[in-house]
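**Q** sequence below, structure please.
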Amino acid sequence: MGLLGMILAAVLGAVVIAIVVVKFLPLKLRWLASILLLFLAIFLGYKIYNGIMEPIIFNEKKVKVYAPVVDNLKIIRDAEVKYYEVTGNYTEDKTGLIRFIDSAKLALTNTKTIVKTVNVGGGITKEVEERVTDTVGYEPVLKYFENKDYKNMFKVPGVANKEFELEVGTVEKVQGLVVPTFRARTPKKNLLEGMNPSLVKLELEALSTDQIKGEYISVGSLDEVTTAGNWPPSYDKRGDKKE
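**A** Numbers count the residues shown, from 1 in each chain. Below you'll find the model as predicted:
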């Protein structure tokens, strides 16, 4: 029964008690009705308070549960982005991605514009600008993951023996241009186990821009070219404060 239903039931009960008191209850026993009405008022007050507070408490709990999950997904995203910078692709090999962070190096480049003189024919020359990119050194990928628990990034916080799903795919961005994609995600329902089923059901159907939309917490996509997560900006702000 919803909050409104309980209020209506309590009001109806109070009316019934009042009618019984007036019509049938002897005057010397009416103190019993007063006590009953007092208990009814206390019960109704409790239910109203609980009905108001339960969604608030649920939202506070879910944010605490979701925050470390989002943090791990950010590490996975950063790892995939660095892997793409080096190889031109994404990977679904979890062990390989951790090994990549430990051992791979990123090329450091320097791009400059030079002026060249070219012969355009007939003894005529002209100067043209050309952009040249040179590799000037290398740096370890590991540098970008200092103070980040990347070795455990695939473990879903708060859910025993559960890892994030990791998939790769491709999207034809324009005709003839195929672009690699990736997606990492985990179901919300596993994280919300033991909470109010009605509120959990609403959470899995969330579509508001200030909530994590849908049944999963995810980063990336197999259907479009993006490395964004499906969480609202508030989770990024929490991460900034923590760091």
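
**Q** just the element for Val168, please.
**A** In this structure, Val168 is located in strand 165-174 according to DSSP states H and E.

**Q** now the helix or strand following that strand: buried residues?
**A** Using DSSP H and E, the helix or strand that directly follows strand 165-174 along the chain is strand 177-187. Buried positions in strand 177-187, judged by neighbour count with 16 or more other CB atoms under 10 Å: 180-187. From N, CA and C alone the C-beta is placed, and that goes for glycine too.

**Q** how about stretch 60-73?
**A** In terms of neighbour count (16+ other CB under 10 Å), stretch 60-73 has its buried residues at 62, 65-67, 69-73.

**Q** tell me the mean pLDDT over it?
**A** Mean per-residue pLDDT for stretch 60-73: 96.

**Q** would you mind pulling the contact partners of that stretch?
**A** With contact meaning CB atoms under 8 Å, 6 or more residues apart in numbering, stretch 60-73 is reached by 152-158, 164, 184-186, 191-192, 195, 203, 212, 217-219, 229, 231, 235, 238-239.

**Q** then stretch 75-88?
**A** For stretch 75-88, the external contacting residues (CB under 8 Å, 6+ apart) are 89-91, 97-98, 100-101, 104-106, 141, 144-145, 148-150, 153-154, 164, 166, 180, 182, 184, 219-220, 227, 229.

**Q** per-domain residue ranges of the protein.
**A** 1-21+30-45, 66-102+148-242 (automatic domain parsing).

**Q** just checking, what packs against the strand holding Val168?
**A** Applying 3 or more CB pairs under 8 Å, 6 or more residues apart in numbering; DSSP states H and E, one finds that strand 165-174 makes contact with strand 177-187.

**Q** partners of the strand it packs on, with directions?
**A** Sheet pairing of strand 177-187 (DSSP bridges) gives strand 165-174 (antiparallel), strand 216-221 (antiparallel).

**Q** if we can go back for a sec, to Gly137, which of the domains of the chain lies closest?
**A** Gly137 lies closest to domain 66-102+148-242 among those, at 14.7 Å (CB to CB).

**Q** and that closest one, how far from the chain's centre?
**A** From the chain centre to the centre of domain 66-102+148-242 is a distance of 7 Å (CA atoms, centre = their mean, to the nearest Å).

**Q** who does the residue nearest to Ser221 when sequence neighbours are not counted bridge with?
**A** Spatially, and ignoring its direct neighbours in sequence, Ser221 is nearest to Arg183 (5.6 Å; CB to CB, 6 or more residues apart in numbering). Arg183 forms beta bridges with Glu167, Gly220, as assigned by DSSP bridges.
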